[in-house]
Every structure is written in C-alpha cells, then in structure tokens.
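In: just coords:
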C-alpha cells in the first residue's frame, strides 16, 4: 500500500505576528496545532481581535480531525479556542497544566454551550500523545511562559518537528532547560520537516536568558523610593515569579491590578506553578494603606491598551490608583509592532504626572521570549531536518529564516517560504508547495464574527478621515420646490455649529440643484444633489466627507 | 538701567518628535527659531499634518518680532513656514543656502499672496547675523542634511546656544566637520543657556558617522543583480550624494521617482550642493529601457506613506514602475515612531512580489542624524552652559537628557524640563520656569487650519470604530403612524445588505417606539427613537454606532 500523503496547512502566524494555527494532515486524518488570536493593526478600525479563517477545515468534511494540541498558553496561540470549539463541538484538546488552566478560563468565559462539551487532556512535557491515529512526542522548550512544549509528530516520512515559540534559555527562571537530548534524538530517527519559530530572524546572536532580569529588577527595587508598579502581559507567569523573588528580597508586598492578570495568577498558584509566600499577595485596598516603599503593584496594559490599568493611571482615570510622585513604573515588555505609539504615549503621560518610568533598554527589565539567529541555527543543527518551513513571523522574518536555513546547509529547494493558506505536501517523491486555501483575517467586532468585511472597513476608513454630511429635504410634490429648511446632520467633517457660511452654501446647493431638476425621478435628483454637494464641499474644504441625501415629497 | 529679561518660549518639539519652533525674547524683542510641522499620530484621523500653535505670538502685540532663523531644511523645522508668514506677512527669514532653497519651494507653493512679500536672507555657517536688535553667531553642525547650523544668541546674560538637530560626525559626507572650535569659544565668553537636541537621549554611546553607509551601499550595489530602488526622505540630500558615488563606482544611472525628491535634487544641484556627473541622472522612461543592472531608482515613501512611490509599487499601483523579480529595494531610513506598522507592511508586500528588501540592521543603509548620549555629554562639556533646557524629543527623552546634564555636573536646579508652551525666564536673579502659554496641536486637514478640533476628532474616532445608522421616517400628521418603509442608511457598522434580520428589527423598533409616543413633540419622539435603536443594536451586536433619526410629518 502506498504511504499516505502529508499536508501541512498553516492557517495563521505565517506572514504576520499572531493568531498561530497549523493543520497537519496525514491522509484523511488531521490534527490542529494551536488556535491563536491576533490584535488588530491601527487601520483595522473597531476590530476587537482577529481569529484565523478556518473555513478550509469546515469545508474538508472528508477529514477526520482528532484534536487540538497546544504549544503554550499565550493569547496568540490559544485565544481563538472557543471559536474553533464552537465550529467543532467536543473536539478534544491537549495541553500542559498551565496552558490547560489558561484554556479552561477561556472556554468557561465562552458559556456553557461550549464549555460543557469541552474535553481538556493534560499532559506534561516528555509525554507521548496518542491523538486518534497520531503519535506525537512532546518536548520541553523555554520561552517566556512556563510549560512550553514543541511537538515531534510521527509520520511515514519521518518526524514533523514543530518548535512552538522558543528560545534556548540555559538559565531559565524555573530551572528547566530546553530538552536538547530529545531534540537531538529526533535527528537520529529522521526529521522530515522542521516548522521553526522565525520571530527574531532579523536579530543577530542569542536572546539573553530570562534570568538577566533578576539583576535588573534587583537594581530597580534597590533604587525605588516609593511604590513600584510593574506592567507586563497578563500571561507572563514567569515574570510574576521573578517579581515575587525581588519583592521578597526587598521586603515588599504585591498587589495585582487588572482582572486578567489577577485571574491568571490565582490559577497558576493553584496549579503550583507560581510559588508565592503566604501573605505576600495583598489586595489593592490593603496595599493602599501600606507605606509606599513596601508595595509592588502588578498592572495590566503594557501594550498601551487604553482600557487597561496603566493607560487609565496615565490619564488619571483609574478608579483606585493614582500616580504618586515617588512611583517607579516598570514596563516589563516590548511593544508589539503597531503599539509603539500608544506605549510611548503612556510613558510620557506617566512622566508628566511626576513618576519615574523604567523600560528596556534603560534597564534589563524585559527580554524577548524568541530565539535569535544563532538559536535558529542551533535548532536546525540539532534536529537536522530534510525540509524546513519557517513559521511564526512576518514575511520578512520567514525569508530571513529561510536564508539562514540555506546558509546552514539545507538545500535551497528544500526550504519553503509560504504564507497562511499555503499548503506544503510531502509524499514519496518529495515535498512541494501545492494549492492555496483561504488563510485571511476573520475580524471579531463586538458579538460579530466575520461580519465586518472589506466594505465596512473601507467605509470606516473614509468616515475616520472626513466624516459624513447628510441632508434630509422635504419637497412639494407638485412644484418640486424645497419646503422649509432642510435637516443637515454631519459628524467628523467640520464643526458645523461654527460654520454658518458653509451651512448656507449647503442650503444654496440644495435649492439650486433641486430647482432645476425634473420632478419625478427621485433617485436621479438625489444622485445629482449628492454629487453637487460633494463637489461644493471639496472646493471649499479639500475634504471628501460621505454625502447622503434623503428626499421626501409632501 | 536694569538688564532686560529673557524669555525662552518653546512652541513645538518639546514633548514630541516634530514641529520644532522656539521663540527667544529679550525684553520686547523676539526672534523665532524654526517653524516645523509634525506628522499625525495614528489616532489623529484625517489630519494631513500638524503645525505649532503660535497664537501666543499673535496675542503678544507688544512684541517686536524681527525674523525667523532656521537651523536646517527638514520638514519638522521648516514645514510650517507658509502658515507663519501668512500670520506675519513679510517677516524676514534667515537660512543657509540649501535651507533657503527648500524654504523657497515651500513659500512658492503657498501662492503669490505669501511668496511676493517674503524675504529670504541667505547666510553661511560662521556668519554673524544681525536680526533687528539681535546679534546671532552661527556655527556649522553635522546632521543628515547639508548646511546645518546651530545658533549662539548674544544676550545680556551670556549666549543662548541652540544646537539645532545634530550629531558629532567626524567623517561627514561633505567633509565639513562640526565647528568644535567655535563651540568651545562660546564657553570662554560665557553660555547662559544650552538648548540641546534630545532625540536620542535613550541611546548609549555615539551615533555612527554618515560615512559608514558608503561601505553599506557598496556591498548592496556589489550584490544586486537587477535594479536597485532606494527609498529615503525627499530632503536627505547627502544620502542622494552617497547614492551618486555608489552608482558611479558600480556604473549605474540614476532615475528619480517622486515629485518632492526630484524637485529637491534639482534645486540642490543648481545650488552646487549635489555633485552629479553629467548624464548620470536619467528620466524614468529612459531608465526603463536600460538593462536593470545599470539602474538605480531613488523613490519616496520610506515612511510607508500610502500615496508615495514605495507603497504604490508594493501594491502594484504605480503608474510607471512595477516590482521586478531581481529588484533590490533599500530602505535608507528608520520609521518615525507610529509608522513602524506601515513600513513593515511595505517591506512584506515587496517581498511578496519577489523583490529583495534591505534595511537597517540587515545592512548599514541608514544611521540616525541625531547624536546619542556621549555626544550630548560632549556638547555640554564643550559649551559649559550655566543652564540647560533639553529640546527636541518626547518627554522621556527630555527627562533622560536632563538626568545626563545633571550627571555631567550641571546643578539640578539649573536644568529645566518643560513641554511646549512652558516659558523659561532668565534675569539677574537666575532662571526659572514661569507661566505656561498655549503650545498644543493645530491640525491641518485639507484646506482647513485648526478647524478640526476635539469634537470632530472624537466623532471621527467613534465613526471609525462602529460607524453610524440613520433612519428617516415619514409619519402621518394626524394619526402619528409610520407611513411606508423608513429610509435606512448605514456605513461602517455592519454590511446591511446581508443583514435582513437586523433591518427588520430596526423597522420594528421604529414602529414600536413611535406608535406609543405622543404626537406633538417631535424632538422627544426623535430622542426616544434614537435611544431605543441604540439599545437594540447594542444588544444584538455589542457595537455602538452613532444613531440619527429624522422624522418628517405628512
């Protein structure tokens, strides 16, 4: 019997930073690796977040999907779980304890319809998973969250190794080094394909270990006169552990502001992943009564999110927390591309209120969780893959990772750069990029999933630039003349209340246009009026608001 | 007679990157240093650019304003010249030859009303300017554009030294080193105040010389198989010179795409600032007929501007230029904060079309024009000021520059961090920050200057997120009943054509609300309808579009 074909179908994370999701098919069997979300770009107006387009999976009714396996618990790898489970009710989920804990919170939030059917299977790094017909070996990797794994999926052509997000941290905060031995073993048994994290492919050298931050925090804690407020990702559990250590050494209590972070910390503590001495965590009210130099507050909003604690404090709009003169704010994070402006603004506003603000590179308070070029090279040399497909990164990162792979000895024809929806096929004749399946964005806006498409987004863009002007005109049915003064509504264009002259011109244009127009064709009169108003307004203001006219005969 | 008071009034560039403008008053006499523009942040919807708010100057009718002196020709230092000259017709302008050339183009664009009254006085670095009652010594500085100067303004309390934008480049492309001797001389004669560029205050060490790029370009030109397309700022004249040298060495012709760059190059060539061998510049059509490996094209759009050449090429929408497989694009620039996302997108789209894209730090193709911390320290040590006021930078840069000044031996009380509109006064008793004058943003949108304020911007923000829904309802005057089907217009909310169910709910809400309402109070009925529609739509969609209702009785 011929060996079944393998198809690797990336639905997210290729050509972008975020919403990682990848399908591995062996014949008619499939598993899903990760189901992440992505945050909208600055010109994706009104979008809350973006999920992968998985209509391909829904259309492939011939496929038997056996489950979702998760590499780690960051939003860009788990955030869309409820959306996928809604489409595939009861699909089993496989995750390490912390990842499972974070998934469970997310699934619970989605309501009983999804949560009561869900099945989370917990494994630990090193376990061999049997998922349907799949045999998957898991291996511990270091990143910026505990319980990170990569996968080696057994196939008839050798392993498919998926690194997940990783760096080679030889001094990780939890003492658990990357599983070099196992990675090297895979190479002995034959690795068909490496799917490797490309995020830092434009950075030379090695990413520093998370442990360099211990010294950074120690210096910051040593100098701070008042409170210390540390902003980081809500899911950066190991960072919280580092702050606990520093707080312990410098005799400070920790309070947590921000629902998501507080919930994650509780969960990680229950699972025994976070070790926090009894009595060290206090609530915000209690912290407010302690002397400032005895307090650390962990806050959300390290990406500048306007509704998170940090941004609210920076503009004086947090319910419980105000900036105090001796406060030291620490941004223990880097801005995700596109967020630089918001993060800078927060920093400047905090300074304006008299606080000190510390961020990388002023002090070692953040390092990337992704390996740089030398680590990518090490990964290739450890697993010795036949084929390489760079994943996780913008197209430029994928290209740079591919060049590095070639430079590391992989034949150029064996390195495949593609984007979401690009399908790689492996069979006895070799590997090649074949068809292209949908791999675009699905916007989540309010309760709508996918209902905001190109048309609505284009309209939002136009409205955001020049606003709109609407006129409602009543006409005499017989004479065709304008009755009374038209209703004029405008927003986002110019401030009409201070623009009498322009308003008069609008009325004049209405009268002139309708006076000469035929009486019967309402659609025609409306189009002419909209056109003339548009021209007049452009001439006067050099702006192009959307124009709407409603004609009403009496 | 008592010595007159000095007031330093920064109207731009402090607490932001851009729109630099500073007033120096000695008693009732004043001069202006620079009149720059700034590019809008991502959430300043529809704004073309921002100019400083100079109503302070317009209100100070007691001041005798003698002129504007310019440090150099970048947009963030000259861009608002026409706006200032419109408010102060005939105000004399002082600039070095290249800066004067760039100013002239800008003033000419503003039309005869402004240009025919304008008076540009050209000086060269080292000249002593007499501007009204002011005696101003000028000194050559290195930056990323030729003909850069700083100013030492004579005052009764010693010099006020304004650095302009600078780095200490000891190997500049035009061979003209910074004027160390003169800077040191000022210190002998006594410097009251240093106004120093803070842009790179968060970067350690020294900024590399512009000349390191020669080697970078040489490597890029040596490897490129097809055309080379170089994107940089239209005003980066010295970068153009470096490209000319590389093109000469590698036997390529240069074409220029983009109106602003082409105009600037012509002007700089006429002034003898750019040395280009005869026949080296060809037009785009001619370049299209040469073998690709004989061509360099300079293009605009290094900041990702959607309407510039680079972005148009990246989406296949340039009239004359298409991406070809062997093209090498070079981004000889860094993204201005806020532009990262657009620039990344351009890079990825060019890669998608099969081009190579090279940018810093992949290769030495750009260096900053601003000095880093060691250069700021050198500046302080050279001029030995009594007082220091950091200028040019976000608040965080100003703070870091101030800390560095203190660290360099300036007493803490002599270092003044303020933002736009913060006034520094110097008299025989010392120096201090006194009042605060308006120093905000004036938005230029289309032909409107300052008519887009907070209200319009807030509306644009709301429209950009959730759009609007408008209903026009005709009612029977007697019964109060709805006649016919209401007109419903919506944009940026959801795609109505695919939302029949929601449309039905809108109509239902209209009928329910108006049916129960009293007949006479139109305003009241409209408010109730708008409120009910808003509630219904939020319940159904979790979005909050703007809602407008127009009621019309028949």
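Out: All right, it came through fine. Just so we're clear, the structure is a prediction, and the values are computed from it rather than from any experiment. Residues are numbered from 1 along each chain as shown, chains lettered A, B, ... in the order given.
In: Next, the contact list for residue A:502, please.
Out: By C-beta atoms under 8 Å, 6 or more residues apart in numbering or on different chains, the residues touching residue A:502 are A:494, A:496, A:537, A:540-541. All C-beta atoms are positioned from the backbone trio N, CA, C, and that covers glycine.
In: one more time with 10 Å
Out: A:469, A:488, A:490, A:493-494, A:496, A:536-537, A:540-541, B:451 (C-beta atoms under 10 Å, 6 or more residues apart in numbering or on different chains).
In: Tell me the most packed of these, by neighbour count.
Out: residue A:493 (29 neighbours; other C-beta atoms under 10 Å in any protein chain shown).
In: Just give the nearest non-adjacent residue to that one, would you?
Out: residue A:467 (3.7 Å; C-beta to C-beta, 6 or more residues apart in numbering or on different chains).
In: Can you give me the separation between the one you found and residue A:490?
Out: Note on residue A:467: its distance to residue A:490, by C-beta to C-beta, to the nearest Å, is 7 Å.
In: Now the common contact residues for those two.
Out: A:545-546, B:456, B:459.
In: Out of those residues, which is nearest to residue B:129?
Out: The shortest approach to residue B:129 among these belongs to residue B:456, at 41.4 Å (C-beta to C-beta).
In: hang on, the closest one packs against residue A:465?
Out: No - proximity of residue B:456 to residue A:465 does not meet the contact threshold set by C-beta atoms under 10 Å, at 11.3 Å.
In: list residues touching both of these two?
Out: Taking C-beta under 10 Å, 6+ apart as the criterion, residue B:456 and residue A:465 both touch A:492-493, B:45-46, B:445.
In: re earlier: would you list the contacts of residue A:502 in CSV and tack on secondary structure, pLDDT and distance to residue B:26?
Out: Below are these laid out as CSV (DSSP: H, G, I helix; E, B strand; the rest coil; pLDDT from 0 to 100; distance: C-beta to C-beta, whole Å):
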residue, secondary structure, pLDDT, distance to residue B:26
A:469, strand, 96, 49
A:488, strand, 93, 51
A:490, strand, 94, 47
A:493, coil, 93, 44
A:494, coil, 87, 40
A:496, helix, 79, 45
A:536, helix, 96, 49
A:537, helix, 95, 47
A:540, helix, 92, 43
A:541, helix, 92, 41
B:451, coil, 85, 35
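In: Just put those in JSON lines and tack on distance to residue B:31.
Out: As requested, the contacts of residue A:502 are exported to JSON lines (distance: C-beta to C-beta, whole Å):
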{"residue": "A:469", "distance to residue B:31": "44"}
{"residue": "A:488", "distance to residue B:31": "46"}
{"residue": "A:490", "distance to residue B:31": "42"}
{"residue": "A:493", "distance to residue B:31": "39"}
{"residue": "A:494", "distance to residue B:31": "35"}
{"residue": "A:496", "distance to residue B:31": "40"}
{"residue": "A:536", "distance to residue B:31": "42"}
{"residue": "A:537", "distance to residue B:31": "40"}
{"residue": "A:540", "distance to residue B:31": "36"}
{"residue": "A:541", "distance to residue B:31": "34"}
{"residue": "B:451", "distance to residue B:31": "29"}
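In: between those, which is nearest residue A:267?
Out: Nearest member of the contacts of residue A:502 to residue A:267, counting by C-beta to C-beta, is residue A:493, at 48.5 Å.
In: Which pair of the shared contacts of residue A:467 and residue A:490 spans the longest distance?
Out: Once C-beta to C-beta is applied, those give A:546 and B:456 as the farthest pair, at 14.5 Å.
In: so when I look at residue A:465, I'm seeing a strand, right?
Out: No - according to DSSP: H, G, I helix; E, B strand; the rest coil, residue A:465 belongs to no strand; its state is helix.
In: In space, what's closest to the residue nearest the centre of chain A - neighbours in sequence excluded?
Out: Nearest to the mean C-alpha position of chain A, by C-alpha atoms, centre = their mean, lies residue A:38 at 2.9 Å. With sequence-adjacent residues excluded and distances taken as C-beta to C-beta, 6+ apart, residue A:38 is closest to residue A:18, at 3.0 Å.
In: Could you pull up the contacting residues of the residue of the stretch 51-200 of chain A found nearest chain B?
Out: At 12.1 Å from chain B, residue A:200 is the closest residue in the stretch 51-200 of chain A, using C-beta to the nearest C-beta. By C-beta under 10 Å, 6+ apart, the contact set of residue A:200 is A:167, A:206-207, A:368-373, A:375-376, A:392-393, A:397, A:400-401.
In: re the thing from before, among the shared contacts of residue A:467 and residue A:490, which are in strands?
Out: Counted as lying in strands by DSSP state E, out of the shared contacts of residue A:467 and residue A:490, are residue A:546.
In: can you list the shared contacts of residue B:456 and residue A:465 in CSV and add secondary structure and distance to residue A:192?
Out: Listed next are the shared contacts of residue B:456 and residue A:465 as CSV, based on DSSP: H, G, I helix; E, B strand; the rest coil; distance: C-beta to C-beta, whole Å:
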residue, secondary structure, distance to residue A:192
A:492, coil, 55
A:493, coil, 59
B:45, coil, 50
B:46, coil, 52
B:445, strand, 57
